[in-house]
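[1] Here is my input, please return the structure:
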Amino acid sequence: MKTLYYISGLGADERVFRYLTLPGIDQKHIKWVEPKKQERLSDYCKRLIPQIDLERGVILVGMSFGGIVAQEISKIIKTDKVIIISSVKSEREFDWQLNMVRVLKLYRLVPSPLLRWSNLLTGDYYFGTQSKLESDLLKQIIKDSDMPFTQWAIAEIMRWKNDRVTDNLIHIHGDKDRIFPIKRIKNTTRVDNGGHFMIVNKAKEISALIEKEIS
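    Below is the predicted model:
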């Protein structure tokens, strides 16, 4: 018996997965824990593993930042499948804007209140929401997010490097993603007109792709 573990995106929570329909599949959510001071992502991921039943088959499904975390966890434990959605497989898949932020370390300069305000102001554009319902959900997730955690996670994303892509990794990506533009993404299952929030507004299509991969 296998269990599918969801890992949400940066500042998000399990609400982004609630529109997926995968009947008959054991599904659980990995909860974020508070990062320790100056904790590196690889060490942080070790502290998430107690939430996983290692006696059963493990399928990780990570969205955005959760996709990066899923890959780091898969370096520590045995996984049957790692599925990343709206994410990246290495820093080489960052576009020029993210690379500039990374190289110049501009992410260090944004205080928490400004980061939250900026996310609320630009979230609909970058996430590609397609309805008021989606916009309201995104804004509520941003308002509920833990800003110290978000700042830590952004710093770890900017420092992240990955030279090993496992054979059991599946990458699902939208061709309209504005956070991780598909132009830089290699070896992916392409979702037409899919934005960064496609796990919500294209949940039926994403569900079918996940089910196909784990069946």
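
[2] okay, and the helix or strand of this structure with the least pLDDT?
    Every helix and strand of the chain was ranked by mean pLDDT, DSSP states H and E. The lowest is helix 112-127, at a mean of 56.

[3] How about the secondary structure of residue 60?
    strand (DSSP: H, G, I helix; E, B strand; the rest coil).

[4] residue ranges of the helices in this structure, please?
    For the chain, the helices defined by DSSP state H cover 41-46, 65-74, 96-104, 112-127, 132-144, 147-159, 198-201, 203-214.

[5] Tell me which residues are up against the first one.
    Contact with helix 41-46 is made by 33, 35-36, 68-69, 72-73, 75-76, 156, 159-160, as judged by Cβ atoms under 8 Å, 6 or more residues apart in numbering. Using the backbone N, CA and C atoms, a C-beta is placed for each residue, glycine as well.

[6] If you drop the residues flanking it in sequence, what lies closest to the residue nearest to the spatial centre of the chain?
    Taking Cα atoms, centre = their mean, the centroid of the chain lies closest to residue 64, which sits 2.2 Å from it. In space, and not counting its chain neighbours, residue 64 is closest to residue 9: 3.3 Å by Cβ to Cβ, 6 or more residues apart in numbering.

[7] ok, now which ones touch the one you found?
    Residue 9 makes contact with 16, 63-66, 86, according to Cβ under 8 Å, 6+ apart.

[8] now for these, which pair is the farthest apart?
    16 and 65 (11.4 Å; Cβ to Cβ).

[9] Next, show the common contact partners of those two.
    Listed as contacting both residue 16 and residue 65 by Cβ under 8 Å, 6+ apart are 8-9.

[10] Residue 95 versus the residue nearest to the centre of the chain, what's the distance?
    14 Å (Cβ to Cβ, to the nearest Å).

[11] ok, what's across the strand from the closest residue to residue 205 other than its chain neighbours?
    Nearest residue to residue 205, sequence neighbours excluded (Cβ to Cβ, 6+ apart): residue 191, at 6.3 Å. As for beta bridges, residue 191 partners with residue 174 under DSSP bridges.

[12] and residue 191, what is it in contact with?
    Applying Cβ under 8 Å, 6+ apart, the residues near residue 191 are 172-175, 198, 202, 205-206, 209.
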